[in-house]
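Colleague: Build the 3D model from these lines:
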Amino acid sequence: MTQPRAGIEDERALAGMSRRQLLAAMTAVGATGGFVGVSTGASLFDRERLGGRFVAGVVDLGILHAVNDGPEQYTDGSTVSLDLGELEPGSDNGGHADLRLLLPETGDPASPNNPAYPWFRPSCIDTSGGLVDDLRVTLKYVDCATGDVGAVLFPWGSLREFVETFHEGFALDGRARPNRQPGNQACLDDSLCLRLDYYLVSDFEGKGDVRVDVDFVGVQCRNHTGEENPFAGSPGRLCDAPDYHGVSFIEVWADVDGTCTKLGKLELDDNYTANCGTELDVSGNGDTEPIGENYIVEGTYDLPVDDDCEDTGYDLRVTDTVTKTEEGTTEVVAVAFELLNGDGTAGPDLCKVVVKGGRGGGEVVYDDPSDFTDNATNGPLYAQEEI
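Modeller: Sure thing, here's the model as predicted:
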């Protein structure tokens, strides 16, 4: 299993906030990508006029930007295009983009630009397949003078999750402090630096090009409290979510004595409760039918060895599901869970999960470090996307 390259830290915690908490606070939407070429690119836009709306106190931000320590370019009031270059799968082939936000010079030393609260908002351009789920990104503050990493704004996750988290607008802190809520953030009066690290997961197949728009704007600190979201009512452009197969089974692997070891497999089958209800605890939150064909509800389940009723001694606590409903039938297309010991304590760290799609769906193997946080999945793991 390929580990993140040197210089890409695996910051899992956002100063006390998990990605689950971040995502719960935002509206889940899509992201963007397309299989059109041999390179993977991204572009960030420093400002739009917010769909033609007039927002009192909005000022331009200047953006200095560079990719992989290349030449620094300056953009004021137009598109910033960051070409991430050709990417090979595996975190050793990743890279980074640096962004410096500043207030443009007015040309009059006696009348400098007013300090502003900086905000950003990503948007979607095109809709397509798996690259947006396989391109891993993390966004963090960095010290403008030294480049030292500071607070993490977005821990390692997919590009899709990045857009989902911030598409309604996010308030940056002018002093690069973490967890500053709107109204409690500092004004930008000098410069603010961000770093976006990225890489493709090691099992990515195919070629692609992906873009994500990010609007940067400032709201004058004078006569404003910092609570005014310049993107209110104008969230980033949404994308259609891909269609996934229902989950047929979940195969669980964990680190046991330093070896990634298969522990068991939980089948999502109509007959599972009837066949194993006496041997295994298959009840989820009191539901009479917690497991069905491509279906499961949140709750704690004994983990069988295989498609049988032999208990491994481990439990799965399903913490979240993603469903779809077609022709009156509801299927679960993604599952988030924690691996527990039989006594309810945290089980060994996850190292691989295989999710099988029903009705002709293949297997999706999750074995990238960013897919897990210790004994838990790092958000829902999806079955195969329908073609």
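Colleague: In the stretch 251-387 of the chain, where is pLDDT below threshold?
Modeller: Within the stretch 251-387 of the chain, the set of residues satisfying pLDDT under 70 comprises 283-288.
Colleague: Tell me where it has helices.
Modeller: Ranges of helices within the stretch 251-387 of the chain are 272-276, based on DSSP state H, counting those that start in this stretch.
Colleague: Near the closest residue in space to L280 that isn't next to it in sequence, how many other residues are there?
Modeller: For L280, the nearest residue in space outside its immediate sequence neighbours is D302; the separation is 4.1 Å by CB to CB, 6 or more residues apart in numbering. Any C-beta I mention is one placed from the backbone N, CA and C, and that applies to glycine too. Applying other CB atoms under 10 Å, we find 21 residues neighbouring D302.
Colleague: repeat for the one 3 residues further on
Modeller: Other residues within reach of V305 by the criterion other CB under 10 Å amount to 14.
Colleague: how about it, what does it touch?
Modeller: By CB atoms under 8 Å, 6 or more residues apart in numbering, V305 lies in contact with 264-265, 311-312.
Colleague: Go again with 10 Å.
Modeller: V305 makes contacts with 262-265, 311-313, as judged by CB atoms under 10 Å, 6 or more residues apart in numbering.
Colleague: what does C187 give?
Modeller: Under the contact definition (CB under 10 Å, 6+ apart), the residues listed for C187 are 103, 114-118, 173-175, 218-222, 224, 226.
Colleague: give me that answer again for 7 Å
Modeller: By CB atoms under 7 Å, 6 or more residues apart in numbering, C187 lies in contact with 115-117, 174, 221.
Colleague: Is D302 in contact with D315, as I believe?
Modeller: Yes - in this structure, D302 is within contact of D315 by CB atoms under 7 Å, at 5.8 Å.
Colleague: ok so, going back, could you report the distance from the residue nearest to L280 to L381?
Modeller: 20 Å (CB to CB, to the nearest Å).
Colleague: What are the phi and psi values at L159?
Modeller: phi -60, psi -40 (degrees, to the nearest 10).
Colleague: Just to check, it is in contact with L135?
Modeller: Yes - the criterion here is CB under 7 Å, and L159 meets it with L135 at 4.5 Å.
Colleague: Who has more neighbours out of the two?
Modeller: When neighbours are counted by other CB under 10 Å, L135 comes out ahead of the other of L159 and L135, with 26 against 23.
Colleague: What segments of the stretch 201-350 of the chain are strands?
Modeller: Assigned by DSSP state E, counting those that start in this stretch, the stretch 201-350 of the chain shows strands spanning 212-220, 247-256, 259-267, 291-292, 295-296, 299-304, 311-326, 329-341, 350-357.
Colleague: Any chance of a markdown table for the ones you listed, columns distance to K140?
Modeller: Listed next are these as a markdown table, based on distance: least, CB to CB, whole Å:
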| stretch | distance to K140 |
| --- | --- |
| strand 212-220 | 15 |
| strand 247-256 | 27 |
| strand 259-267 | 29 |
| strand 291-292 | 40 |
| strand 295-296 | 35 |
| strand 299-304 | 35 |
| strand 311-326 | 26 |
| strand 329-341 | 24 |
| strand 350-357 | 24 |
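Colleague: what about the strand or helix carrying V132, average pLDDT?
Modeller: Counting by DSSP states H and E, the element that carries V132 is helix 131-134. Rounded to a whole number, the mean pLDDT of helix 131-134 is 76.
Colleague: who does it touch, helix- and strand-wise?
Modeller: For helix 131-134, the packing partners by 3 or more CB pairs under 7 Å, 6 or more residues apart in numbering; DSSP states H and E come out as helix 159-166.
Colleague: C-alpha coordinates for the helix it packs on, PDB please?
Modeller: Listed next in PDB are the C-alpha coordinates belonging to helix 159-166 (Å, rounded to 0.1, in the frame of the first residue of the first chain):
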ATOM      1  CA  LEU A 159     -12.200  16.200  -4.500                       C
ATOM      2  CA  ARG A 160     -15.900  15.500  -4.400                       C
ATOM      3  CA  GLU A 161     -16.000  15.800  -0.600                       C
ATOM      4  CA  PHE A 162     -14.000  19.100  -0.800                       C
ATOM      5  CA  VAL A 163     -16.700  20.600  -3.000                       C
ATOM      6  CA  GLU A 164     -19.500  19.200  -0.900                       C
ATOM      7  CA  THR A 165     -18.000  20.700   2.200                       C
ATOM      8  CA  PHE A 166     -17.400  24.300   1.100                       C
END
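Colleague: about what we covered before: ok, the contacts of V305 vs N179, which is closest?
Modeller: The shortest distance between N179 and any of those, using CB to CB, involves L263 and amounts to 35.9 Å.
Colleague: tally of neighbours for the closest one?
Modeller: L263, neighbours per other CB under 10 Å, totals 20.
Colleague: now do Y244
Modeller: Burial measure for Y244: 21 neighbouring residues, criterion other CB under 10 Å.
Colleague: so what's it up against?
Modeller: Y244 makes contacts with 333-334, 382-386, as judged by CB under 7 Å, 6+ apart.
Colleague: how near is the spatially most central residue of the chain to D134?
Modeller: Nearest to the mean C-alpha position of the chain, by CA atoms, centre = their mean, lies E161 at 2.7 Å. Per CB to CB, E161 is found 12 Å from D134.
Colleague: For G299, name its beta-bridge partners.
Modeller: When bridges are assigned using DSSP bridges, the partners listed for G299 are V318.
Colleague: That one is in contact with L316, isn't it?
Modeller: No - under the contact definition of CB under 7 Å, G299 does not touch L316, with a separation of 9.2 Å.
Colleague: who's more crowded, these two?
Modeller: A count of neighbours by other CB under 10 Å puts L316 above the other of G299 and L316, at 22 against 18.
Colleague: Look up how far V305 lies from that one.
Modeller: From L316 to V305 the distance is 13 Å (CB to CB).
Colleague: The strand or helix carrying Y117 to helix 159-166, inter-axis angle?
Modeller: Assigning secondary structure by DSSP H and E places Y117 in strand 116-124. Interaxial angle of strand 116-124 relative to helix 159-166 (axes from the mean of the first three to the mean of the last three CA atoms, to 10 degrees): 140 degrees.
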